[in-house]
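Colleague: just need the structure, nothing else, for what follows:
(chains A and B)
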2 protein chains.
Amino acid sequence: MLICTVNSNPILKLFGIKYPLIQAGMIWCSGWRLASAVSNAGGLGIIGAGSMYPEVLQQHIRKCKAATNLPFAVNLPLLYPEIEKHIAIIIAEKVKIVFTSAGNPALYTPILKKAGICVVHVVANQKFAKKAADAGVDALVAEGFEAGGHNGKEETTTLCLIPIIKVAVNLPLIAAGGIATGRAMAAMIALGADAVQIGSRFVMSEESSAHEYFKHAIAAAKEGQTKLALKSLTPVRLLDNPFAECIHMLEKQGASKEVLAEKLGRGRAKKGMFEGDLIEGELEIGQVSAFIDQIMPAKSIVNEIINEYNQTISHIATQQY
Amino acid sequence: MLICTVNSNPILKLFGIKYPLIQAGMIWCSGWRLASAVSNAGGLGIIGAGSMYPEVLQQHIRKCKAATNLPFAVNLPLLYPEIEKHIAIIIAEKVKIVFTSAGNPALYTPILKKAGICVVHVVANQKFAKKAADAGVDALVAEGFEAGGHNGKEETTTLCLIPIIKVAVNLPLIAAGGIATGRAMAAMIALGADAVQIGSRFVMSEESSAHEYFKHAIAAAKEGQTKLALKSLTPVRLLDNPFAECIHMLEKQGASKEVLAEKLGRGRAKKGMFEGDLIEGELEIGQVSAFIDQIMPAKSIVNEIINEYNQTISHIATQQY
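Modeller: Alright, predicted model coming up:
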């Protein structure tokens, strides 16, 4: 078997990790337990700060540092109300890698870069990819329509998005959305990505802080049971449940933004994903939930994906014409 | 370079072709000129019968046979009003391969099979994949959300659909939707498909009968400029134009099926795709239109894709861990 040196893949070099496999930072699911387990398995684990008060984030960073000597990152949604407190903690705790999302990277990228932090921004279209590059980020995550949680208005799928971003911006590129297996990882590397970011599959890890009820609902999910909702506010992919059905119904009836925002209210994601309210809660998950049935240790997920990836690469090497 | 023998890929064996690259049968775009050019280049060309009267189909089949000695196919939308006349012509003209779509394969598959015809059915979900397998088809096309034209209600993207269909049904599998390059072809083979079907890229061939104005509109199209419309009737991916905008507006306002069907009327696809009416016509095209800029001979498209595919396979062979 060929062994890829760290230097041959820009993402491995940038982060100092073994495999080009990144665990997405996810609200209510990815705390220090999951992030450190993925980093210890050779990928890059990410703490999802979007669902944490500043002091909670600080605790998670400290526990993560205690649980692994390997690189990990923090995901920072830029629209978070106490973002400046988050950034101060990230800098004070000497976090080395930050993934930013959901907002304009122009304001905070220079602050993070000045503190010596490697900055990666999540985008769903070419326009924001170029903005992020102009802001000075070190790499991009391009996330397609099939991804769980917040999503682009263009509805561009991962298969179409990666070539669009690759041509537009000359930065290391991480593919996200629709990736849960080694085969899909190999597909994304073939398509031109340098690495993959995987969310839903890690929601279904033992170390994820998703509520057991939510995990069981994901295991039971079939194709067509996630849908993009709230397109007029911020598009978000949700697992079908009574709350999501209600939103879809309102949207079909042509409900206004205000009506939808009122129905959404506050705290729905916590209620669903963390507290396990499968009726009234918001359940963010990707289309790949259709074929994720098992809850596994994060390390086993990483190993399974990398093994299948290597087998796939060996197999297709014989398929030339 | 390794040379793949015909027998190692079930699609090559089934169709007797050189490359696992199939040109989608497309209304108003793929007549005998395009189909024969693709078959002569080593792929499988398909005549799109859905926009042809029976006698027109017969002429296209005869001209295709005169233009190539290599295998070609006919695509047959099963909801076509004069389907039995189409089938009689296909059998009388000894067409060897038929791709069926848009309808239930249970009724016509046995008739085609009895005539010694290889039958492939196009699906967008597991349920219809199983129905098609039960009906006795020889292979499946699994077509994702990003594809142009008619589309599944589940909105499952190609990246998520291929693994779902592969697990559900043990038949040779052709991936469709979002594929326009050799890299994307390699990605689909890595994901587990045996072959790819490519539509939009061949609309942009010299041999396609799409109107020049439509081709120029595709060349100019950017990301986010196709959208899935008419979800309450039959979902269809359309290029943005005044007609599509009107449909999207009606849908946002919660218009009934009847209102939408009346606005759609009849003959819109011909008007747009064949006659070049970019205002009032229906323009069916995939998300990949965002990065297809050139009109090329079909042979050059096939060669470019296969060359890039082979380069991609060689490159990723070094990317193991």
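Colleague: could I get the full set of helices for the stretch 151-300 of chain A?
Modeller: If DSSP state H, counting those that start in this stretch is used as the criterion, the helices of the stretch 151-300 of chain A fall at A:158-168, A:182-191, A:200-203, A:212-220, A:242-252, A:257-264, A:268-269, A:298-316.
Colleague: turn these into a markdown table, including mean neighbour count.
Modeller: To be clear about C-beta, it is placed using only N, CA and C from the backbone, and glycine gets the same treatment. Written out in a markdown table, the entries for the helices of the stretch 151-300 of chain A read as follows (neighbours: other Cβ atoms under 10 Å in any protein chain shown):
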| stretch | mean neighbour count |
| --- | --- |
| helix A:158-168 | 25 |
| helix A:182-191 | 28 |
| helix A:200-203 | 29 |
| helix A:212-220 | 18 |
| helix A:242-252 | 16 |
| helix A:257-264 | 13 |
| helix A:268-269 | 20 |
| helix A:298-316 | 20 |
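Colleague: could I get those helices as JSON lines with distance to chain B and mean pLDDT?
Modeller: JSON lines is the format used below for the helices of the stretch 151-300 of chain A (distance: least, Cβ to the nearest Cβ, whole Å; pLDDT from 0 to 100):
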{"stretch": "helix A:158-168", "distance to chain B": "4", "mean pLDDT": "98"}
{"stretch": "helix A:182-191", "distance to chain B": "4", "mean pLDDT": "98"}
{"stretch": "helix A:200-203", "distance to chain B": "10", "mean pLDDT": "98"}
{"stretch": "helix A:212-220", "distance to chain B": "14", "mean pLDDT": "98"}
{"stretch": "helix A:242-252", "distance to chain B": "6", "mean pLDDT": "95"}
{"stretch": "helix A:257-264", "distance to chain B": "12", "mean pLDDT": "94"}
{"stretch": "helix A:268-269", "distance to chain B": "22", "mean pLDDT": "96"}
{"stretch": "helix A:298-316", "distance to chain B": "5", "mean pLDDT": "97"}
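Colleague: could you chop chain A up by domain?
Modeller: Residue ranges for the structural domains of chain A, counted by automatic domain parsing, are given in the record as A:7-209+A:291-315, A:221-288.
Colleague: single out the most deeply packed of those domains.
Modeller: For the domains of chain A, average neighbour numbers computed from mean count of other Cβ atoms under 10 Å in any protein chain shown are highest in domain A:7-209+A:291-315, which has a mean of 22.
Colleague: give me the distance between that domain and the centre of its chain.
Modeller: Using Cα atoms, centre = their mean, to the nearest Å, we find the averaged C-alpha position of domain A:7-209+A:291-315 to lie 5 Å away from the chain's own average C-alpha position.
Colleague: ok, stretch A:202-220 next?
Modeller: Taking Cα atoms, centre = their mean, one finds the center of stretch A:202-220 at 15 Å from the center of the full chain.
Colleague: contacting residues around that stretch?
Modeller: By Cβ atoms under 8 Å, 6 or more residues apart in numbering or on different chains, the residues outside stretch A:202-220 that reach it are A:23-24, A:26, A:28-31, A:33-34, A:37-38, A:148, A:200, A:239, A:241, A:272-276, A:278, A:281, A:283, A:285, A:289, A:292-298, A:301.
Colleague: in strands only, show me these.
Modeller: In strands, judged by DSSP state E, the following of the contacts of stretch A:202-220 are found: A:Gln23, A:Leu239.
Colleague: circling back: I'd like the domains of chain A written out as a markdown table, with distance to B:Ile87 added.
Modeller: Compiled in a markdown table, the domains of chain A are given as follows (distance: least, Cβ to Cβ, whole Å):
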| stretch | distance to B:Ile87 |
| --- | --- |
| domain A:7-209+A:291-315 | 34 |
| domain A:221-288 | 31 |
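Colleague: which among those is found nearest to B:Ala187?
Modeller: Relative to B:Ala187, the nearest member of the domains of chain A by Cβ to Cβ is domain A:7-209+A:291-315, separated by 3.9 Å.
Colleague: tell me the SS of the residue in the stretch 1-150 of chain A that chain B sits nearest to?
Modeller: Using Cβ to the nearest Cβ, the point where the stretch 1-150 of chain A gets nearest to chain B is A:Glu146, with a distance of 4.4 Å. When classified by DSSP: H, G, I helix; E, B strand; the rest coil, A:Glu146 comes out as coil.
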